[in-house]
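> Quick one, structure for this:
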Amino acid sequence: MHLRRLKRIEGQVRGLERMVDEEKYCIDILTQISAVTSALKSVSLELLAEHMSHCVARAAQAGGQEAEDKIAEANQAIARLVKA
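Numbering: from 1, shown residues only. Model (predicted):
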């Protein structure tokens, strides 16, 4: 599922390249950039949710340093997503 969505995003980026190459209207290009950005954020959030429900949950059940590391790693990923 993620791969299919990423391939679609790749197609959108190629479309952006064509738009820039053909000197299309700037607002149209910016609109498409916004769409690509939203699509990437959506994929990122889905991957993060999967990571939390699988990797982090398993580590939390195991406890110890692994749990602390996975939670810290997830927090850092969330912080990067919020910054972007």
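
> Every contact and neighbour count from this point should use C-alpha atoms.
Fine.

> Where does Val13 sit: helix, strand or coil?
helix (DSSP: H, G, I helix; E, B strand; the rest coil).

> show me the residues around it that make contact.
Residues near Val13 by Cα atoms under 8 Å, 6 or more residues apart in numbering: Val36.

> run the last query once more with 10 Å
Neighbouring residues of Val13 by Cα atoms under 10 Å, 6 or more residues apart in numbering: 7, 19, 32-33, 35-36.

> quick one: it and Ile29, what's the gap?
10 Å (Cα to Cα, to the nearest Å).

> what's the following helix or strand after the helix ranked longest in the chain?
Secondary structure of the chain per DSSP state H: the longest helix is helix 26-51. Next helix or strand after helix 26-51 toward the C-terminus (DSSP states H and E): helix 57-62.

> and that following helix, C-alpha only, in PDB?
Only the C-alpha atoms of helix 57-62 are listed here, as PDB (Å, rounded to 0.1, in the frame of the first residue of the first chain):
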ATOM      1  CA  ALA A  57       4.200  -1.600  21.400                       C
ATOM      2  CA  ARG A  58       6.400  -4.700  21.300                       C
ATOM      3  CA  ALA A  59       9.300  -2.900  22.900                       C
ATOM      4  CA  ALA A  60       7.000  -1.400  25.600                       C
ATOM      5  CA  GLN A  61       5.800  -4.900  26.500                       C
ATOM      6  CA  ALA A  62       9.400  -6.100  26.700                       C
END
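
> Mind giving me the packing neighbours of it?
Packing partners of helix 57-62 (3 or more Cα pairs under 10 Å, 6 or more residues apart in numbering; DSSP states H and E): helix 26-51, helix 64-83.

> Could you list the buried residues of that helix?
Neighbour-count burial for helix 57-62, with 16 or more other Cα atoms under 10 Å as criterion, is recorded at 57, 59-60.

> Of the helices and strands packed on helix 57-62, which shows the lowest average pLDDT?
Mean pLDDT per stretch puts helix 64-83 lowest among the helices and strands packed on helix 57-62, at a mean of 92.

> Kindly spell out which helices and strands sit in contact with that one.
Other helices and strands packing on helix 64-83, by 3+ Cα pairs under 10 Å, 6+ apart, are helix 26-51, helix 57-62.
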